[in-house]
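Engineer: show me how the following folds:
(chains A and B)
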Amino acid sequence: MLLPLFELILVMTERLKEMNEQELSKVLEALLFVAGKEIKLEKLVDVLQLEEKVIQQALFHLQKEYQRAQRGIQIREIAEGYQMTTIPEVAPYLEKLYKSVTTTTLSSAALETLAIIAYKQPLTRAEIERIRGVKTEKPLNTLLEKGLIREVGRKETIGKPILYGTTNLFLQHFGLKDLTRLPPLTEGKFI
Amino acid sequence: MDYQVKLDSFTGPLDLLIHLIEKDEIDIYDIPIAKITEEYISYLATIEELDLDNISEFMLMALDLLQIKAALLLPESNVYSSEDDYPEEMGQGEDLQQELVERLVEYRKFKKAAQTLCEWENLQKNIYYRSVQEEETEEFVLGEISIDRLVAQLQKIMKKKEVKKDLTRVIILEEFTVEERMEQIERMVLASSVPIEFNQVFLQDKNRLAIITSFLALLELIKLKRIKVQQVDAFAPIRINSCNDGKAERNE
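Structural biologist: Modelled structure (predicted):
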């Protein structure tokens, strides 16, 4: 199934030089469909041998096209790339189709820990615990297991403690385009 | 207390304090320490089951609060205020309170961000994408072959040898150590002009222990990068190369 499509894409990429945007958007659509997860812009540049700007432009138009046509599929910018996903409205039907999609959510402790890492990375466990005022080994392990954070190095202090940072999966998990899209840190009250 | 919440619904002492402050609609920069301390401690007292893992931090915070309360109750330190001999380790009540407020404010920022992240996480659950079965699942790769495949091979060999099990022998002597076996295997690999096959390593092994010893020796050699195991395709024999001239041999 996959192979002929890839071949098609290959043939088309060879002809890219004469390609107009209409054709380019076909190729992009096919690439995003096959990839499933997000494709980085640089990867697209590499595959298509076209300028970043041209690709971005075409993707933008494709995105708008899907929106205008009110399709069940959308193209969105996520985790420093582009991805073809379903729209949120159709979720109930997809759940029915796949029945057992009970994804577990993170605990409050894990979310707190993750928020601190996201804004302050790279930082050590002790630094996280200083902010949280409580032991943080368990949430850290959960986050590591889930692949939302990773060890990014060692701090140059006594004991060379591990420094943690967020992963690409973190962006993906929360639907973030990049780290600049984190919710702003504000001092206000809750409620 | 008019209502009860379980301690484990709070992620830590700061979380509990924030809860008490917001419940009473207190300005975080102007906390009535005595009142909050009392509420905090009476709250801890209502907890029946102590989760020992976390309770120490909650208790420490109670001590901190009491310390601030006590320091605030001390007579105005006019005596010391501009003097150098002010007993620093005591810490002035206001300073301690300020410090606590700063921690609370800082913590609350992240707690809020975590809440937003939680909402986003839930939104994200309604978005699906094609899951392509990629070969990306991180396997433990040894050189160019996965550990799973090596173990599968090993099991095959074990099964074959099982048939010839010598029932009369009760005590299994350790015929050689992993280290000795490592040397033998390496010599074997170096002596051969072509890559040797995986099965060859186990030819002389008569029992499970011997096979396992050989296998451990093999893994150790791979780890030390003295040998390389390769398999051209799924059904090809697994071959063992020396690491130094492995490439040259493979290309023959």
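Engineer: pLDDT weak spots in chain B?
Structural biologist: Within chain B, the segments meeting pLDDT under 70 span B:1-8, B:48-53, B:75-91, B:132-145, B:161-175, B:232-235, B:244-252.
Engineer: domain parsing for chain A?
Structural biologist: The record, using automatic domain parsing to delimit domains, assigns chain A the ranges A:5-95, A:108-181.
Engineer: relative to B:Asp24, which of these is closest?
Structural biologist: Ranking those by their distance to B:Asp24 (criterion: CB to CB) puts domain A:108-181 first, at 20.0 Å. (Each C-beta comes from the backbone N, C-alpha and C, glycine too.)
Engineer: pLDDT of the closest one, averaged?
Structural biologist: Averaged across domain A:108-181, the pLDDT comes to 93.
Engineer: end-to-end on that domain?
Structural biologist: 21 Å (CA to CA, to the nearest Å).
Engineer: now stretch A:169-187
Structural biologist: The separation between the terminal residues of stretch A:169-187, taken as CA to CA, is 28 Å.
Engineer: OK, contacts around the closest residue to chain A within chain B?
Structural biologist: Residue nearest to chain A within chain B: B:Gly12 (3.1 Å; CB to the nearest CB). Contacts here follow CB atoms under 8 Å, 6 or more residues apart in numbering or on different chains; on that basis B:Gly12 touches A:109, A:132-134, B:54, B:57-58.
Engineer: what's the answer for B:Arg103, then?
Structural biologist: By CB under 8 Å, 6+ apart, the residues touching B:Arg103 are A:131, A:133, B:14.
Engineer: nearest residue to the closest residue to chain B within chain A in space, ignoring adjacent ones along the chain?
Structural biologist: Closest residue of chain A to chain B, CB to the nearest CB: A:Val134 (3.1 Å). Spatial nearest neighbour of A:Val134, chain neighbours left out: B:Gly12 (3.1 Å); criterion: CB to CB, 6 or more residues apart in numbering or on different chains.
Engineer: likewise for B:Ala71?
Structural biologist: Take B:Ala71 and drop its neighbours on the chain: the residue closest to it by CB to CB, 6+ apart is B:Gly93, 3.5 Å away.
Engineer: need the contact list for the one you found.
Structural biologist: Counting by CB under 8 Å, 6+ apart, B:Gly93 touches B:33, B:68-74.
Engineer: let's see that with 6 Å instead.
Structural biologist: Taking CB atoms under 6 Å, 6 or more residues apart in numbering or on different chains, we find B:Gly93 in contact with B:68, B:71-72.
Engineer: ok, now A:Arg76?
Structural biologist: Listed by CB under 6 Å, 6+ apart, the contact partners of A:Arg76 are A:Gln83.
Engineer: ditto for B:Phe10
Structural biologist: By CB under 6 Å, 6+ apart, B:Phe10 lies in contact with B:Leu16.
Engineer: recalculate using a threshold of 10 Å.
Structural biologist: Residues counted as contacts of B:Phe10 (CB atoms under 10 Å, 6 or more residues apart in numbering or on different chains) are A:108-109, A:134, B:16-19, B:43, B:54, B:58.
Engineer: list phi and psi for A:Glu80.
Structural biologist: When quoted as degrees, to the nearest 10, the phi and psi of A:Glu80 stand at phi 60, psi 30.
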